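J.: any chance you could fold what I've pasted below:
(2 chains)
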Amino acid sequence: MELIKEEFVTTETGIKELVIEEISRNHKLLHRHKLDKPSIHIGRDYHNDIILADPHVCPSHISIDFIDKQWKITDNQTVNGTFVENLKEKKYQANQHVVCDGDIISLGKSQLRLLFSDHTVEPTVAFSPFESFINLMRHPIALFISITLFTLIAGSIIYFNRPIEVNFSQLLVPAIGMTLGFALWPAGVSLVSHLTKHDNRLMAQLAVSFALFNLMWFSDILETIVTFNSSNNNILPIFMTFISVILAFSLFWLNSYIGFHMSSKRRIVVSASLTLLLFGGSYLIQYSKKPEFNPRPNYNATIMMPSFLLTTSSNVDQFIEDSSKLFDKTSKDAQEE
Amino acid sequence: MKFFFTLVFMVLSSSSFATEQAEQLFNQLKPSLYQIKLIDKASGEKSSIGSGFQISKDGIIATNYHVISSYALHPKKYRIEYLDSDGNTGLLTLQSVDVINDLALVKRKIDSINNEDIHFFQLSNSAPHKGEKLFSLGNPHDLGMIVVPGTYNGLKKESFNERIHFTGSINSGMSGGPVVNKQAKVVGINVATSGNSIGFLVPHDKLDNLYQTFLQAPPESIEHQMTEQLTANQNKLMSAILNSPWQTKPLGRHGMIPIIDVPFIRCWGDSNADKADALILTAVANCSLDENTYLSSQFFTGAMEIEFRYMQAKNIGANKFYHLYQQQISHAGAGNRAGKDNVTQYQCHHDLVMPDNKMINNKSIFCTRAYKKFPDLFDVLYLSASIDENKQALVSHFTIAGIDKKNALAFTRKFMEAVSWN
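T.: So this is what the prediction gives:
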């Protein structure tokens, strides 16, 4: 009597179970079937075990039969054929192909992934510490607070910069408009994750986005305070720019963490690319708009009310000395051209 | 009054009625008058025209610098030609310039020095007296030469570099033409107009100086000569300004600003006290130097502007006041026109500055750009905004064009120490 080898997980009838996954073109799972019949029929008509709606699939397209302890594909002389389309391999005819674990075959425009039930799965992903942060932020009260805070800040910025007197409704409408405008981003991300067969988690996306938008407001204010309190000689304002970059990266990272299942390496690459696109793009736009020669000086005019003044001022001697260096700099520019 | 330079060489038709006297003068002087044309070498067509008059036997012709400025800055691109009353043309060579007084000497080749028939203008020995009748001559394009009678009205008041105020229609196209008295002696050179019958002339002694200097030592290079003239002029101007009394004057409720007490800097004021709905009460005092040295159509220098602005919040908080205040000081620009070929881009420095008297705390910005063709000359811009009062602000600002480093810094230092709260 022959012992059944350990790696062969079989049913009582001696048939090795086959898992057939219908997948999309970019290999996202659509449906999953687990079958333990010795002969599996796949095609477009209704007597098949797996019925595909794809019009390029024949009524009886293929059968997969368990012969000699292995699964073999038989193509029923179909119009468009059946192919094995494994990654890293050239596509070839699937007729009489012996199925290996993880094979991907294409019928018409549909793709199927064939797996044995002993296929090893990815290790369990533990909840990251962000999960509790996200859960906290998506609590209705927290969400309400952060959206209200955002609207208030937007409203006050509009108020501060209007040179004429404004009433409450004149502020409320643009402030709410701005809030809705910013809500488009998390809504868009949710929509994309919904369309890519992920859980949309709209509330979580909104919560995380607005929390980070608010942090960006605060970093802006902090940056203004630092700029106001420092002269050209100070490099602190440059560090403040990094904070904005970090915040943008965090936003994109959390958006993709909530909305999509992907490896952490891929998530970092995606978030970094989006950050680069945002900052690089806005830099490029500024750069392209910059005229070749600007007859106006480009100076930093940041001023704030006296309560934000945190440093002591220089004296006239120091200012004159610093300014005198500009003459040598521009003279050098003039000679270079 | 806005002094308006007319540096357009194209001519608008102007009718002039020559009196009998004018006709006589005209016929007498015609042979020594020339139309000066700048020809673009590549296209072979004229790019600008003006007038000129011969002042010596050996063919020296006086004209305005602005007539030949393109040649002075780009000698390879142009050539200078003349057209005389008989319709003869020929080449001219640039000999010397005075950019400050807008004068230039060009030379016509004379075949024989001993030719007795050569006519030239005599420069007057004395200045005219007020009310004296003068005749302005010019050779505008297509109209041939015209003569315009007018009156001498003294020197233009409040100008740093002297100009004669001539009442008579000097028209575009007459630039560089002579203005003579009844004795046919040159007392001035047409240079600019300021609208209806207000004309400006360069006094004849400036031309005399230029010619005498030229006879003693012709310039080695025109660009070098221009640099020297610009440098000397700004030295003269800044020493006059730095050594004159600076009076302290109140602006708004608490501001104290300096007013430079020299006749050539004139001040104007304005406020929005009549606007009931304004959120900020603003009072502005504006002083400027009525000089604008022409270097090319895209490049002027010598201008100086000083502006003080006092602001007070009415019914708004400090935070909003400072937001609006920042908008007010974000867009300062140069006081003179200059392009990429003439100047570098501005370089700026900003800092918080408190003068030693501790009377005010400012955010101060200093910017400068260098001249490319004239070494050691710069345009500077200074802007200072007070940051120590919650609902009041004092902005002090100036621009100076064509100044050297030493003078710019000395002026900035004095200016910074002169602005304060009382």
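
J.: ok, then the element right after the worst-scoring helix or strand of chain A on mean pLDDT?
T.: Sorted by mean pLDDT, DSSP states H and E, the helices and strands of chain A end with helix A:129-137, the least confident at a mean of 84. Using DSSP states H and E, the helix or strand that follows helix A:129-137 in sequence is helix A:140-161.

J.: and that following helix, average pLDDT?
T.: Mean per-residue pLDDT for helix A:140-161: 93.

J.: cool, stretch B:234-244 as well?
T.: 93.

J.: any residue of it touching chain A?
T.: No: applying C-beta under 8 Å from any C-beta of the partner chain, one finds stretch B:234-244 out of contact with chain A, separated by at least 14.1 Å. Yep, even glycine has a C-beta here, placed from its N, CA and C like the rest.

J.: also stretch B:409-422?
T.: Yes: counting by C-beta under 8 Å from any C-beta, chain A has neighbours in stretch B:409-422: B:409, B:412-413, B:416-417.

J.: ok, stretch B:264-273 next?
T.: No: remark: stretch B:264-273 sits outside contact range of chain A, by C-beta under 8 Å from any C-beta, the gap being at least 11.8 Å.

J.: residues of the helix or strand hosting B:Asp205 that come out buried?
T.: Assigned by DSSP H and E, B:Asp205 belongs to helix B:204-216. Within helix B:204-216, the residues that qualify as buried by neighbour count (16 or more other C-beta atoms under 10 Å in any protein chain shown) are B:204-207, B:210-211, B:214.

J.: reformat those as CSV; add distance to A:Glu321 and pLDDT.
T.: Formatted as CSV, the buried residues of helix B:204-216 follow (distance: C-beta to C-beta, whole Å; pLDDT from 0 to 100):
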residue, distance to A:Glu321, pLDDT
B:His204, 47, 91
B:Asp205, 43, 91
B:Lys206, 40, 92
B:Leu207, 44, 93
B:Leu210, 40, 93
B:Tyr211, 45, 93
B:Phe214, 42, 93
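
J.: around chain B, pick out the residues from the stretch 51-200 of chain A.
T.: Within the stretch 51-200 of chain A, the positions lying close to chain B (C-beta under 8 Å from any C-beta) are A:159-161, A:163-165.

J.: is it possible to export the residues you listed to a markdown table including neighbour count and distance to B:Asp98?
T.: Putting these into a markdown table (neighbours: other C-beta atoms under 10 Å in any protein chain shown; distance: C-beta to C-beta, whole Å) gives the following:
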| residue | neighbour count | distance to B:Asp98 |
| --- | --- | --- |
| A:Tyr159 | 19 | 57 |
| A:Phe160 | 16 | 53 |
| A:Asn161 | 12 | 50 |
| A:Pro163 | 13 | 48 |
| A:Ile164 | 9 | 52 |
| A:Glu165 | 12 | 56 |
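
J.: report the secondary structure state of B:Ala338.
T.: coil (DSSP: H, G, I helix; E, B strand; the rest coil).

J.: now do the closest residue to it other than its chain neighbours against chain A, distance only.
T.: In this structure, B:Ala338 finds its nearest non-sequential neighbour in B:Phe299, 5.1 Å apart by C-beta to C-beta, 6 or more residues apart in numbering or on different chains. Distance, B:Phe299 to chain A, by C-beta to the nearest C-beta, to the nearest Å: 11 Å.

J.: tell me the contacts of B:Phe299?
T.: By C-beta atoms under 8 Å, 6 or more residues apart in numbering or on different chains, the contact set of B:Phe299 is B:337-339, B:341-343.

J.: excluding its backbone neighbours, what's nearest residue 153?
T.: Went with chain A since none was named. That would be A:Trp217: by C-beta to C-beta, 6+ apart, it lies 4.9 Å from A:Ile153.

J.: ah, no, chain B please
T.: B:His165 (4.3 Å).

J.: return the alpha-carbon coordinates of the helix ranked longest in chain B using CSV.
T.: In chain B, with assignment by DSSP state H, the single longest helix is helix B:222-242. Extracted in CSV, the C-alpha atoms of helix B:222-242 (Å, rounded to 0.1, in the frame of the first residue of the first chain):
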residue,chain,number,x,y,z
ILE,B,222,32.6,106.8,-24.1
GLU,B,223,31.4,104.1,-21.6
HIS,B,224,34.2,105.0,-19.2
GLN,B,225,33.4,108.7,-19.6
MET,B,226,29.7,108.0,-18.8
THR,B,227,30.7,106.0,-15.7
GLU,B,228,32.8,108.9,-14.5
GLN,B,229,30.1,111.4,-15.1
LEU,B,230,27.4,109.3,-13.3
THR,B,231,29.7,108.6,-10.4
ALA,B,232,30.6,112.3,-10.0
ASN,B,233,27.0,113.4,-10.3
GLN,B,234,25.8,111.1,-7.6
ASN,B,235,28.7,112.1,-5.4
LYS,B,236,27.7,115.7,-5.9
LEU,B,237,24.0,115.0,-5.2
MET,B,238,24.6,112.8,-2.2
SER,B,239,27.0,115.2,-0.5
ALA,B,240,24.4,118.0,-1.0
ILE,B,241,21.7,115.7,0.6
LEU,B,242,23.9,114.3,3.4
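
J.: ok, the helix or strand just after it near chain A or not?
T.: In the C-terminal direction, the helix or strand that comes right after helix B:222-242 (DSSP H and E) is strand B:246-251. No: judged by C-beta under 8 Å from any C-beta, strand B:246-251 and chain A are separated, with a smallest distance of 15.4 Å.

J.: just list what the next helix-or-strand element following strand B:246-251 packs against, helices and strands only.
T.: Sequence-wise, the next helix or strand downstream of strand B:246-251 (DSSP H and E) is strand B:255-260. Applying 3 or more C-beta pairs under 8 Å, 6 or more residues apart in numbering or on different chains; DSSP states H and E, one finds that strand B:255-260 contacts strand B:246-251, strand B:280-289, strand B:304-313, strand B:392-403, helix B:405-418, strand B:420-421.

J.: now the second one: buried residues?
T.: Judged by neighbour count (16+ other C-beta under 10 Å), strand B:280-289 contains these buried residues: B:280-285, B:287-289.

J.: sec struct for B:Gly335, please.
T.: Per three-state DSSP, B:Gly335 ends up coil.

J.: and it, backbone torsions?
T.: When read as degrees, to the nearest 10, the backbone of B:Gly335 gives phi -90, psi -10.

J.: spatially central residue for chain B, please.
T.: With distances taken as C-alpha atoms, centre = their mean, B:Asn292 lies nearest the centre of chain B, 2.5 Å away.
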